[in-house]
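S.K.: Need a 3D model of the sequence below.
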Amino acid sequence: MRDNGGPAPKAPKAANDGFTLVTRRTIRCPALRPGPDNGRVILGNNENDKYLVKVPKHKIVNGATGIVMKMLADAMDMQRIPYRDLRKCPGQIGDFVKFTFSLAVMPPDTIEVKGLGVMRIEKHGWDEVDGEKRQFVGFAGPLSRGASLGEVREFLSKQWGELQVEGSIDILGSKYTKVRFPSKTAMEAAGNDAPMFFRRQYTSLYASLEDFRAKVKDKDLTLQVVVHKDAVNQIAFIEFDGLGGGRAIAVENNRLREFSIVLWQAGNKEVREAMLQDGGRLVINGARAQVYPASIKLCFSCGEPDHTQTQCAARKEWKEREEAQKQQAAQRHGASPGRARVVNGQSYASAAGGGSTGRVAAGQEEDRRVAELEAENAALRKENEQLKSTIGKLEATVEGLKGSERRVDAQMQEQNQLIGSLLSVVESLAKGDNGAAMEAAVAIRKNMEATAQGQEDGGDEMEVDQEPVARRRPQTRPHEDVS
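M.R.: I've put the predicted structure just below:
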């Protein structure tokens, strides 16, 4: 289709300018079938220059893919975007269709399509074949067998970005998981990363499990590094000046040992010889290590060569220590290993005083709980005694307050009586009856002397209250003013 601006420019003859229509679920176009490049779809020389337009299913008229192609082609002509129709692709429509094309220059962000509206133009990678994601797949491992699939997914996502983790696979005694990446670039970046230390294992990305198998069986470059278990994370990647380096492949751990055996691969033979010089004794990032060729068999118990596990002195010492612990556990539970009674379905080791690891652990747990309960009871008893002492002090304080209240009431009554007597004196004086006033004053004085004598007889029962009474005493002597 042409517009008023002149003829649409023709596409170059290079095979880098095609378009086709892709359905998400059913693909009947031969152009979209797996090609010779590891199952990848090949259209044009440079697939990174391809772009696409996604057409939602509900916008497709009567499900006719040919109509959609024609509308998109018309829009290409209107926008003067060169393209070439490489393949007609009628077929069942899925969730959306893809109209892909290639350009030597970047296209506009959107394109106006008659009957469909404004459609967004996106960068396209051939990531879907027959409705499945493109095969950007690798294998991550080795992994700790104690790590769940969720933990593995979370760890790998933090390191490598967006990905999908699918199940686990065993290869040469190691656990791996299948990982899908959204792009080839992301997968290659993850493959170039140094080994990651996760749950006491060195995890890397391999394009295939055969790559890992080949590294393990490569006796020319693979080495065994015996290092303390707390220093395993120090030897992920080692370099020698002018020679190159190497990287850790896998770790052989055992919770009963103080060391681990790291399978380590040198980058070349010069690095391998450098690792084995001085009898293989190295200090790597502050950690002492002993290096052996991969062809030498090491003892599983002590990490030393040239003897079998049954002849290992370290293993014998460990077994003697285990037997001593079993006997101590049996004595603690009151059993006699020498006279153990074996019942049906019970092993001799189990009958000999609870020799199994589970029973020893159960006894230790019981002793620990008893000690904790005794300590808790002692703390409660001490707290109870403190509460009793506090309650006694509070009761004494309450009694003292009650006595003070009674004394205050008595003093108030005496003061009321004195006030009444004073009022009588004042009334007598007002009436001119000096004799009656004098008699009332004498009575008041006798009453005050009796009160003072009573307080002196009471001793120092309440010293705090005596001083205020003494200060009030001059105010209760009106007879001095009368005389």
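S.K.: Tell me which residues of the strand or helix carrying residue 331 come out buried.
M.R.: Element membership for residue 331 (DSSP states H and E) is helix 313-332. Buried residues in helix 313-332, counted by 16 or more other C-beta atoms under 10 Å: 315, 326, 329-330. C-beta coordinates here come from the backbone N, C-alpha and C atoms, glycine included.
S.K.: just stretch 199-206 next, same as before
M.R.: Result for stretch 199-206 [16+ other C-beta under 10 Å]: buried residues 201-206.
S.K.: and which of these is nearest to residue 273?
M.R.: residue 202 (22.7 Å; C-beta to C-beta).
S.K.: So the closest one belongs to a strand, correct?
M.R.: Yes. Assessed by DSSP: H, G, I helix; E, B strand; the rest coil, residue 202 belongs to a strand.
S.K.: which sections of the stretch 201-350 of the chain are below the confidence cut-off?
M.R.: 237, 255-256, 308-309, 333-350 (pLDDT under 70).
S.K.: where do the helices sit along it?
M.R.: 209-217, 269-276, 313-332, 348-351 (DSSP state H, counting those that start in this stretch).
S.K.: Out of the ones you listed, which is closest to residue 403?
M.R.: Closest to residue 403 of these, according to C-beta to C-beta: helix 313-332, at 61.1 Å.
S.K.: Could you name the helices and strands sitting against the closest one?
M.R.: Secondary-structure packing of helix 313-332 (3 or more C-beta pairs under 8 Å, 6 or more residues apart in numbering; DSSP states H and E): helix 357-431.
S.K.: Next secondary structure element downstream of the helix it packs on?
M.R.: Going down the chain from helix 357-431, the next helix or strand is helix 434-457, by DSSP H and E.
S.K.: Now residue 235: phi and psi?
M.R.: Here is the backbone geometry of residue 235 (degrees, to the nearest 10): phi -120, psi 30.
S.K.: how deep is it tucked in, by neighbour count?
M.R.: 23 (other C-beta atoms under 10 Å).
S.K.: Leaving out the residues flanking it, which one is nearest to it?
M.R.: Spatial nearest neighbour of residue 235, chain neighbours left out: residue 284 (5.2 Å); criterion: C-beta to C-beta, 6 or more residues apart in numbering.
S.K.: What residues does that neighbour make contact with?
M.R.: 225, 227, 231, 234-235, 238 (C-beta atoms under 8 Å, 6 or more residues apart in numbering).
S.K.: Using CSV, lay out those together with distance to residue 152.
M.R.: Listed next are the contacts of residue 284 as CSV, based on distance: C-beta to C-beta, whole Å:
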residue, distance to residue 152
225, 25
227, 25
231, 24
234, 23
235, 22
238, 26
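S.K.: Any chance you could list what contacts stretch 163-171?
M.R.: With C-beta under 8 Å, 6+ apart as the test, stretch 163-171 has contacts from 139-141, 143, 149, 152-153, 156-157, 175-182, 186, 209, 212-213.
S.K.: Mind putting the helices of the stretch 201-350 of the chain into a markdown table with distance to residue 399?
M.R.: Compiled in a markdown table, those are given as follows (distance: least, C-beta to C-beta, whole Å):
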| stretch | distance to residue 399 |
| --- | --- |
| helix 209-217 | 87 |
| helix 269-276 | 88 |
| helix 313-332 | 55 |
| helix 348-351 | 67 |
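S.K.: Quick one: closest of those helices to residue 116.
M.R.: The nearest among those, by C-beta to C-beta, is helix 209-217 at 45.8 Å.
S.K.: Run through the neighbouring helices and strands of the closest one.
M.R.: Here helix 209-217 touches strand 137-143, strand 164-171, strand 174-180, strand 244-252, going by 3+ C-beta pairs under 8 Å, 6+ apart.
S.K.: Could I have the CA atoms of it written out in PDB?
M.R.: Extracted in PDB, the C-alpha atoms of helix 209-217 (Å, rounded to 0.1, in the frame of the first residue of the first chain):
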ATOM      1  CA  LEU A 209      25.300 -31.700  33.300                       C
ATOM      2  CA  GLU A 210      28.000 -33.200  31.000                       C
ATOM      3  CA  ASP A 211      30.100 -30.100  31.600                       C
ATOM      4  CA  PHE A 212      30.100 -30.900  35.400                       C
ATOM      5  CA  ARG A 213      30.800 -34.600  34.800                       C
ATOM      6  CA  ALA A 214      33.700 -33.700  32.500                       C
ATOM      7  CA  LYS A 215      35.300 -31.300  35.100                       C
ATOM      8  CA  VAL A 216      35.000 -33.900  37.900                       C
ATOM      9  CA  LYS A 217      36.600 -36.600  35.700                       C
END
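S.K.: Please consider this matter closed, and thank you.
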